[in-house]
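Student: please work out how this folds:
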Amino acid sequence: MKTSFAGRRLHHEATARIRRFLDHEQPGTPCLVIDLPTVRDRFTAIRDALPGAGIFYAVKANPTPEVVGLLAAEGASFDVASPQEIDLCLARGAAPAVISYSNPIKKARDVAYAHERGVRLFVSDSEHDVRTVARHAPGSAVMLRIVVDSKGSTYPFGKKFGCAPEMAADLLRLAADLGLAPLGVAFHAGSQQLDPHGWDAAIADAAAITLKLRAEGLDLTTVNLGGGLPAGYLDPLPPLAEYAAAITASVSRHFGDFRPRVMVEPGRAVVAESGVLRSEVVLVARKSYADERRWVFLDIGRYGGLAETEGEAIAYPLRTSRDGAPLDDGPTGPVVIAGPTCDADDVLYQDTCYHLPLDLRAGDHVDLLCAGAYTASYSSVAFNGFEPLATYCVR
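Tutor: Numbers count the residues shown, from 1 in each chain. A predicted model of the protein is given here:
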């Protein structure tokens, strides 16, 4: 198997802990098992690579209460998108001061609720939202998110989030006029950003806005680099140190003598490697005498937690109960992998080349590795009657 900075796969101790749990407890499938020491290890690695930066864990990546509680105990800050995520963080030990309500699309009553709960940091990207924050969370700090070219990322965000840089500058001025504290500029380089230099252009835009407004007397102090730090799946990635060095150099180059406070919002890079998703083979079938590929149907699909297989964007490493870890112990053959629902789109991999054991049968297990991010949090509520993805944690 190929490896990378976030793709060292689950290290031996984590694998052993998860396997012991699965062997002893034999939970029903599908299920996700999270190794909490791996979460701590990845968070610590990011914090050490970017000393002085505020590390705001993106709760949406994996909102399991044990994960949030562990990170709160480690001193993490939190990037939240809803009142429910605010309540989760507070219930698991986070202080309101370390929570950023970073979703620029929010109802007035949700802004008021966040303010009532003590949250004082908001991200906006529109005049309406700035005015909403000023009215319902008076005196709070606000950052303006700019739209960026997220080339190099597996999941570009397009134009849904962020506004043009010149508009962001105007909205920061408006925020000050409305009694808010304009903190700085935010952006997101795209989820699973594979290029260590993928933040550079957006940092340049953020610096231009910051330095222009500081020259006008508006004391912006912070740049929020968003998420995007990747996890390793099948393909190798540069080491984390290379990403950190590129980001640090870019901030220094574009901001010059003024050194802003830096925020980052990693999610995937913190939790992806911590998780193993265990599934069961429901059916192995052939569709044609001419096609050598077998169809392997699992008891989990795109609606049960594997939404990121859309477009085959995320290709998880696989391990089956018929093989050892390297998937090379016996004869294998090419497969198409699909989910269990009565939906024609519930096909996981047709173009990505997977080879699974030729003796794979219904009832066997297929484990998806590095599945700790954007799986349980994406699972549907009983589509076709299938239950949401159960999650367990091991220490």
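
Student: quick check: closest non-adjacent residue to residue 184.
Tutor: Computed as C-beta to C-beta, 6 or more residues apart in numbering, the closest residue to residue 184 that is not its neighbour in sequence is residue 222, at 3.7 Å. In short, each C-beta sits where N, CA and C put it, glycine included.

Student: residues in contact with that neighbour?
Tutor: For residue 222, the contact set (C-beta atoms under 8 Å, 6 or more residues apart in numbering) comprises 143, 183, 184, 260, 261, 262, 263.

Student: which members of the residues you listed are classed as buried?
Tutor: 143, 183, 184, 260, 262, 263 (16 or more other C-beta atoms under 10 Å).

Student: so residue 64 makes contact with residue 33?
Tutor: No. Counting by C-beta atoms under 8 Å, residue 64 sits too far from residue 33 to count as a contact (10.7 Å).

Student: list residues touching both of the two?
Tutor: Common neighbours of residue 64 and residue 33, using C-beta under 8 Å, 6+ apart, are 391, 393.

Student: on that earlier part again, backbone dihedrals for the residue nearest to residue 184, please?
Tutor: phi -140, psi 150 (degrees, to the nearest 10).

Student: count of residues packed around residue 344?
Tutor: 7 (other C-beta atoms under 10 Å).

Student: if I look at it, what pLDDT would I see?
Tutor: pLDDT for residue 344: 96.

Student: now do the one 5 residues further on
Tutor: At residue 349 the predicted local distance difference test score is 98.

Student: so it sits in a strand?
Tutor: Yes. Read with DSSP: H, G, I helix; E, B strand; the rest coil, residue 349 is one of the residues of a strand.

Student: for it, what are its contacts?
Tutor: Going by C-beta under 8 Å, 6+ apart, residue 349 touches 309, 312, 315, 335, 336, 337.

Student: my guess is residue 357 contacts residue 323, does it?
Tutor: Yes. Using C-beta under 8 Å as the test, residue 357 is close enough to residue 323 to be in contact (5.6 Å).

Student: any residues in contact with both of these two?
Tutor: Jointly contacting residue 357 and residue 323 under the rule C-beta under 8 Å, 6+ apart are 330, 332.

Student: helices or strands up against the lowest-mean-pLDDT helix or strand in the chain?
Tutor: Least confident element among the helices and strands of the chain, by mean pLDDT, DSSP states H and E: strand 153-155 (a mean of 85). Packing partners of strand 153-155 (3 or more C-beta pairs under 8 Å, 6 or more residues apart in numbering; DSSP states H and E): strand 191-193.

Student: what's the strand it packs on in contact with?
Tutor: Contact with strand 191-193 is made by 150, 152-155, 157, 199, 227-231, 268, 313-314, as judged by C-beta under 8 Å, 6+ apart.

Student: please flag which of those residues sit within helices.
Tutor: Among the contacts of strand 191-193, DSSP state H puts residue 268 in helices.

Student: report the buried members of the contacts of strand 191-193.
Tutor: Neighbour-count burial (16+ other C-beta under 10 Å) applied to those gives 150, 152-155, 157, 199, 227-231, 268, 314.

Student: ok, the residues you listed vs residue 95, which is closest?
Tutor: Using C-beta to C-beta, residue 227 comes nearest to residue 95 of the buried ones among the contacts of strand 191-193, at 21.6 Å.

Student: list the contacts for residue 209?
Tutor: Contacts for residue 209 (C-beta under 8 Å, 6+ apart) come out as 146, 165, 168, 169, 172, 185, 220.

Student: ramachandran angles for it?
Tutor: phi -60, psi -50.

Student: same question, the one 3 residues further on
Tutor: For residue 212, the backbone dihedrals (degrees, to the nearest 10) come out as phi -60, psi -50.

Student: show the model's pLDDT score for it.
Tutor: pLDDT for residue 212: 98.

Student: do the same with residue 152
Tutor: What the model reports for residue 152 is a pLDDT of 82.

Student: not counting its neighbours along the chain, what's nearest it?
Tutor: Nearest residue to residue 152, sequence neighbours excluded (C-beta to C-beta, 6+ apart): residue 195, at 3.4 Å.
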